[in-house]
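In: how would this look folded up:
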Amino acid sequence: MTASVKSTRNLRRNKFFFPSLFAIHAFLSQSIDELDKNESLSVRPLVGGQAVMEGVMMRNADVYGLAVRRPDGSIVAIRRPWRSFFSHPFFKIPGIRGFPVLVDTLYNGVGALNRSAELAEADANQKVTSLQLAVSMVIAVLMAVALFVLAPHFLSLLMFFLHIGGNVEGFSFHIWDGFFKACIFFGYLWLISLMPDIRRVLCYHGAEHKTIHAFESAHIVSQANTRLQSRFHPRCGTTFLLFVITLSILLHAALVPPLLALFSPVGEVAKHSLGIAIKLLLIVPISSFSYELIRYAAKLRHSAARRLLQVPGLFLQRLTTREPDSSQIDVALVSLAVALDSCDRKLVETVSYTFQD
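Out: Residues are numbered from 1 along each chain as shown. Model prediction:
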């Protein structure tokens, strides 16, 4: 039995768990492609992508292409509009646009993951319903909050009970919180990389990066020149999440204690509940500022400053990407071709595939 068939059967048995787990990974594999067109160094459209179940999704402006390897070895592809909930110009303002991009990425990423599961089925007649998509998104958000907000908080509370840390209004509590948050983040990346289904996704993540590199640098995007490219990409969502984790550690330690001192509720439960609520609210400015940082890093000309911002994320991609094989690169090339307009599509060499309306 091939790995593709095994993955498909596992996904069929876990309709909500795997898409929800992959949805967290979607943030790690999603390339930040929201740069303004005049910020691109190339005359070609700026594309981003995401690894999905047995395939790759590539985004080009307001559409995305999705290509998936079927159990029989064939490739099937679709082209769909990119759904945005924040089309008003207000949500494009620097400093505000980061969180809306995060929400749109989650919605479209989960949708692409579920759609890839359909396409990877031997019988793809059963469609993912809006309810299934909503449940997957809710579970993904709850898992992320539990892992990266609640778990570090309660572990830090344990340090207080062990008398090796302060309470929530103290600075040391949030030092422990940041320590546990970083440990959970890196531990999560390491643990999911051990899962066979996830390892294949990481290979497709590497194929996505190689294909984008080839499109940005080569005249004709072929299997040969794509294989030579790096599997690490500076616009990857891994770098974005690393910025989010780092900024959350700093801002939680700097802002939560004085805010709790200013609005000090009565009772320990109320105090900790308010502390958690503040952390959740800070996700909006933290994600927005992190987004501006990754955009800034992408435009830097000074090599030392660029390396300082990009190298940690690129190094972390050793955990979130794997070297793809030729068949996985073929899928990424099809995804890119489907996402592009007809004039740019001629620049991409692909194997034969089936296009579905």
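
In: For the protein, give me the ranges with low pLDDT.
Out: Filtered on pLDDT under 70, the chain yields the residue ranges 1-43, 122-130, 132-133, 298, 300-302.

In: 80 instead, please
Out: Applying pLDDT under 80 to the chain flags residues 1-44, 120-140, 196-197, 218, 234-235, 237-239, 264, 294-310, 357.

In: Phi, psi for the most far-flung residue of it relative to its centre please.
Out: No residue in the chain sits farther from the centre than V266, which is 39.0 Å out by C-alpha atoms, centre = their mean. With angles defined as degrees, to the nearest 10, V266 sits at phi -90, psi 130.

In: where exactly do the strands run in the stretch 51-200 of the chain?
Out: Counting by DSSP state E, counting those that start in this stretch, the stretch 51-200 of the chain has strands at residues 55-60, 63-69, 75-81.

In: right, and the ones you listed - which one's nearest L242?
Out: Proximity to L242 (C-beta to C-beta) singles out strand 55-60 among those, at 21.2 Å. C-beta coordinates here come from the backbone N, C-alpha and C atoms, glycine included.

In: still on that earlier bit, make JSON lines out of the strands of the stretch 51-200 of the chain and add mean neighbour count and distance to L340.
Out: Shown next, in JSON lines, are these (neighbours: other C-beta atoms under 10 Å; distance: least, C-beta to C-beta, whole Å):
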{"stretch": "strand 55-60", "mean neighbour count": "29", "distance to L340": "6"}
{"stretch": "strand 63-69", "mean neighbour count": "26", "distance to L340": "8"}
{"stretch": "strand 75-81", "mean neighbour count": "19", "distance to L340": "10"}
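
In: I'd like those as a markdown table, with distance to R306 appended.
Out: Converted to a markdown table, those look like this (distance: least, C-beta to C-beta, whole Å):
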| stretch | distance to R306 |
| --- | --- |
| strand 55-60 | 24 |
| strand 63-69 | 28 |
| strand 75-81 | 33 |
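
In: Stretch 230-246: which residues count as buried?
Out: 231-246 (16 or more other C-beta atoms under 10 Å).

In: Looking at the residues you listed, spot the one nearest I164.
Out: Using C-beta to C-beta, those come closest to I164 at I245, 22.8 Å.

In: in what helix or strand does that closest one lie?
Out: Taking DSSP states H and E as the criterion, I245 maps to helix 237-262.

In: Next secondary structure element downstream of that helix?
Out: Next element after helix 237-262 (DSSP H and E): helix 268-281.

In: Give me the angle between that following helix and helix 237-262.
Out: 140 degrees (axes from the mean of the first three to the mean of the last three C-alpha atoms, to 10 degrees).

In: So which elements touch helix 268-281?
Out: helix 151-161, helix 237-262 (3 or more C-beta pairs under 8 Å, 6 or more residues apart in numbering; DSSP states H and E).

In: and with 6 Å instead?
Out: Using 3 or more C-beta pairs under 6 Å, 6 or more residues apart in numbering; DSSP states H and E, the elements in contact with helix 268-281 are helix 237-262.

In: one step back: ok, the residue farthest from the centre of the chain - contacts?
Out: Under the criterion of C-beta atoms under 6 Å, 6 or more residues apart in numbering, V266 has no contact partners.
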